[in-house]
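A.B. asks: Using only what follows, build the 3D model:
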Amino acid sequence: MKALTEQVYVDDIEAEEEGIAEVLMDNDAIAQVPRPGTSLRIPGTSIAVGFRPRTQSGRPVSGVVRPGTQSGRPGTMEQALKTPRTSRTSRPITSQSARTVRLGTASMLSEPDGPFIQLSRINLSKYAMQPSIAKPLFEYIFYHENDIRHAMELAVQATQACQFKDWWWKVQLGKCYFMLGMVRDAEQQFRSSLRQQQSVETFLRLVRVYIRLDQPLSALDVCKTGLDHFPAEVTLTTEIARLFEGLNNIPMSVKYYREILQEDSTHVEAIACIGMQHFYTDQPEVALRFYRRLLQMGIYNAELFNNLGLCCFYAQQFDMTLPCFEQALSLATDEAVADVWYNISHIALGVGDVNLAMQCLRLALASDNNHAPSYNNLGVLEIRRRHPEQAISFFQASASLAPYLFEPHFNHATLAHKIGDLQTSYIVIQKALQAYPSHVDSKELLKKLQKHFAFI
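C.D. replies: Numbers count the residues shown, from 1 in each chain. Coordinates of the predicted model:
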């Protein structure tokens with residue numbers, strides 16, 4: 001059993017995504033208007049939000065792709081349906097096992113002599129009394145067969161057999177509850193386990209519970225309690241940094257990422273996140289050092305060369321810019337090629353080649369026709385070419401694809417104000433301020449329009 005389990009085992013602590021099933025069948029009531037800084041579902045309104053582009057979920061980009069950062073946490077069924085998993089498919093995430101595709105796939109394979117264990121005929125109560133067999137059997141059912149119901153039944157009977165004194169079984173029971181969406185029951189099991197035995201895994205799973213419940217402050221408290229028992233534990237510190245990043249408290253996030261690098265100088269996520277923060281705070285030379293460090297560590301993908309190319313360009317190392325982007329294009333997957341062409345268009349704009357920039361943006365749209373920033377930038381270039389009607393259509397397309405971006409709303413409102421369509425400008429600029437309430441130019445345009453309507 002152990003050998004079969006090892007073949008398909010994956011670390012499932014971070015392997016969860018909240019998709020359509022969780023949105024439709026969620027019985028937990030979440031505050032619709034939480035206080036600022038207490039929710040991961042509400043996009044931040046701080047000044048720092050404007051410096052970073054947004055992902056499809058409306059959250060500022062992170063240094064690395066993590067579970068949940070691509071799809072976000074859709075607050076409604078409509079948002080879940082509108083958010084595709086990749087640029088090439090319109091199929092939204094359907095269940096939390098989307099990232100754990102390997103879980104249970106072994107159970108689908110036909111075996112010549114039938115399955116190794118016939119779960120429907122096994123007497124779980126008999127094996128629950130034997131600890132040496134019960135634990136490997138649970139892992140086999142949970143990971144190899146992906147049968148959460150039978151795994152939970154075995155965990156319940158084994159917990160009763162050991163008179164509720166084995167912390168390991170409580171963790172496994174909490175895992176089953178969490179997978180089945182019984183989040184509060186999972187919380188009770190994890191806390192009961194921690195009262196008997198403190199372990200890093202249990203702290204991490206309890207953090208996942210509070211993230212699912214959209215209680216990041218409680219998750220932070222759990223992480224800090226874990227650090228009291230396990231000082232300088234990298235995984236717990238990483239969770240704190242991620243939570244602060246999700247709350248848009250970027251300085252605190254970077255602070256904890258730096259603490260991680262003091263303990264583990266090869267931590268990829270910390271290096272990438274700190275490098276990205278330096279890039280978006282106008283320090284491309286410092287960011288270049290971090291990305292070069294990742295390259296020296298053996299990471300070799302399109303995203304890294306894309307970032308290296310941008311850093312080289314803004315650090316005025318022009319001789320290395322194009323080779324980095326050429327390498328990025330050669331390594332780019334279908335999901336990343338649109339972003340690479342989009343960034344090359346910025347290089348073209350930086351050197352004054354508007355025609356090349358337009359070609360790059362159109363290539364980005366050919367790779368991903370839902371790439372909202374490309375539509376927005378094409379609209380700006382169409383304004384320069386004195387084609388306001390085409391520019392408005394591009395801005396509208398961008399805004400419909402990505403309502404969380406303030407740029408297409410602001411550009412549309414500014415253009416409408418210039419051509420005299422004040423009513424449209426007034427309506428659209430309010431949408432821009434909803435996406436980014438601290439944008440100064442949007443506020444000034446709204447004041448102009450309000451003054452104009454007051455005189456009327």
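A.B. asks: can we go C-alpha only for contacts and neighbour counts from here?
C.D. replies: OK.
A.B. asks: Let me see the domain layout of the chain.
C.D. replies: Domain assignment for the chain, taken from automatic domain parsing, gives 300-369, 374-456.
A.B. asks: need the ones you listed in JSON lines with distance to Pro136 and mean neighbour count, can you?
C.D. replies: Shown next, in JSON lines, are the domains of the chain (distance: least, CA to CA, whole Å; neighbours: other CA atoms under 10 Å):
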{"stretch": "domain 300-369", "distance to Pro136": "38", "mean neighbour count": "19"}
{"stretch": "domain 374-456", "distance to Pro136": "47", "mean neighbour count": "19"}
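A.B. asks: Could you dump these into a markdown table and include distance to Trp168?
C.D. replies: Shown next, in a markdown table, are those (distance: least, CA to CA, whole Å):
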| stretch | distance to Trp168 |
| --- | --- |
| domain 300-369 | 39 |
| domain 374-456 | 43 |
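A.B. asks: Which of these sits closest to Tyr210?
C.D. replies: Nearest of the domains of the chain to Tyr210, taken as CA to CA: domain 374-456 at 25.1 Å.
A.B. asks: Would you mind giving the domains of the chain as a markdown table with distance to Pro216 and mean pLDDT added?
C.D. replies: Below are those laid out as a markdown table (distance: least, CA to CA, whole Å; pLDDT from 0 to 100):
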| stretch | distance to Pro216 | mean pLDDT |
| --- | --- | --- |
| domain 300-369 | 29 | 94 |
| domain 374-456 | 22 | 92 |
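A.B. asks: Any idea which of those gets closest to Ala128?
C.D. replies: Nearest of the domains of the chain to Ala128, taken as CA to CA: domain 300-369 at 46.3 Å.
A.B. asks: Identify the residue spatially nearest to Glu153, adjacent ones excluded.
C.D. replies: Leu124 (7.7 Å; CA to CA, 6 or more residues apart in numbering).
A.B. asks: I'd like the distance between the one you found and Met152.
C.D. replies: Distance, Leu124 to Met152, using CA to CA, to the nearest Å: 11 Å.
A.B. asks: Please apply the same query to Asn411.
C.D. replies: From Asn411 across to Met152, the span is 54 Å (CA to CA).
A.B. asks: what does Ala186 give?
C.D. replies: 12 Å.
A.B. asks: Centre of the chain to the longest helix along the chain, how far?
C.D. replies: Looking only at the chain and at elements set by DSSP state H, the helix with the highest residue count is helix 440-455. Here helix 440-455 is found 36 Å from its chain centre; the criterion is CA atoms, centre = their mean, to the nearest Å.
A.B. asks: Show me what that helix is packed against.
C.D. replies: Where contact means 3 or more CA pairs under 8 Å, 6 or more residues apart in numbering; DSSP states H and E, helix 440-455 is packed against helix 422-435.
A.B. asks: Need the CA coordinates for the helix it packs on. CSV is fine.
C.D. replies: The C-alpha coordinates for helix 422-435 follow below in CSV (Å, rounded to 0.1, in the frame of the first residue of the first chain):
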residue,chain,number,x,y,z
LEU,A,422,-19.8,64.5,-21.0
GLN,A,423,-22.5,62.1,-19.8
THR,A,424,-20.6,59.1,-20.9
SER,A,425,-17.4,60.5,-19.4
TYR,A,426,-19.2,61.0,-16.1
ILE,A,427,-20.5,57.5,-16.0
VAL,A,428,-17.2,55.8,-17.0
ILE,A,429,-15.0,57.9,-14.7
GLN,A,430,-17.0,56.6,-11.7
LYS,A,431,-16.2,53.1,-12.8
ALA,A,432,-12.5,54.0,-12.9
LEU,A,433,-12.7,55.3,-9.3
GLN,A,434,-14.5,52.2,-8.2
ALA,A,435,-11.5,50.1,-9.5
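A.B. asks: which secondary structure elements does that helix contact?
C.D. replies: Right, helix 422-435 is packed against helix 407-418, helix 440-455 by 3+ CA pairs under 8 Å, 6+ apart.
A.B. asks: quick one: contacts of the longest one?
C.D. replies: Residues outside helix 440-455 that contact it (CA atoms under 8 Å, 6 or more residues apart in numbering): 410, 414, 422, 426, 429-430, 432-433.
A.B. asks: can we see that at 10 Å?
C.D. replies: With contact meaning CA atoms under 10 Å, 6 or more residues apart in numbering, helix 440-455 is reached by 406-407, 409-411, 413-414, 417, 422-423, 425-433, 436-437, 456.
A.B. asks: What spatial separation is found between Phe190 and Thr159?
C.D. replies: Taking CA to CA, one finds Phe190 at 13 Å from Thr159.
A.B. asks: and Ser39, which of the three is it?
C.D. replies: Secondary structure for Ser39, judged by DSSP: H, G, I helix; E, B strand; the rest coil, is coil.
A.B. asks: Please tell me how far it sits from Gly379.
C.D. replies: Separation of Ser39 from Gly379 (CA to CA): 34 Å.
A.B. asks: quick one, phi psi at Thr237?
C.D. replies: Dihedral pair for Thr237: phi -60, psi -40, per degrees, to the nearest 10.
A.B. asks: residues near it, how many?
C.D. replies: 22 (other CA atoms under 10 Å).
A.B. asks: Which stretches in the stretch 51-200 of the chain count as strands?
C.D. replies: In the stretch 51-200 of the chain, no segments count as strands under DSSP state E, counting those that start in this stretch.
A.B. asks: low-confidence ranges in it?
C.D. replies: When residues are selected by pLDDT under 70, those of the stretch 51-200 of the chain lie in 51-60, 66-115, 118-120.
A.B. asks: ok, 80 please
C.D. replies: The model of the stretch 51-200 of the chain has pLDDT under 80 over residues 51-124, 127.
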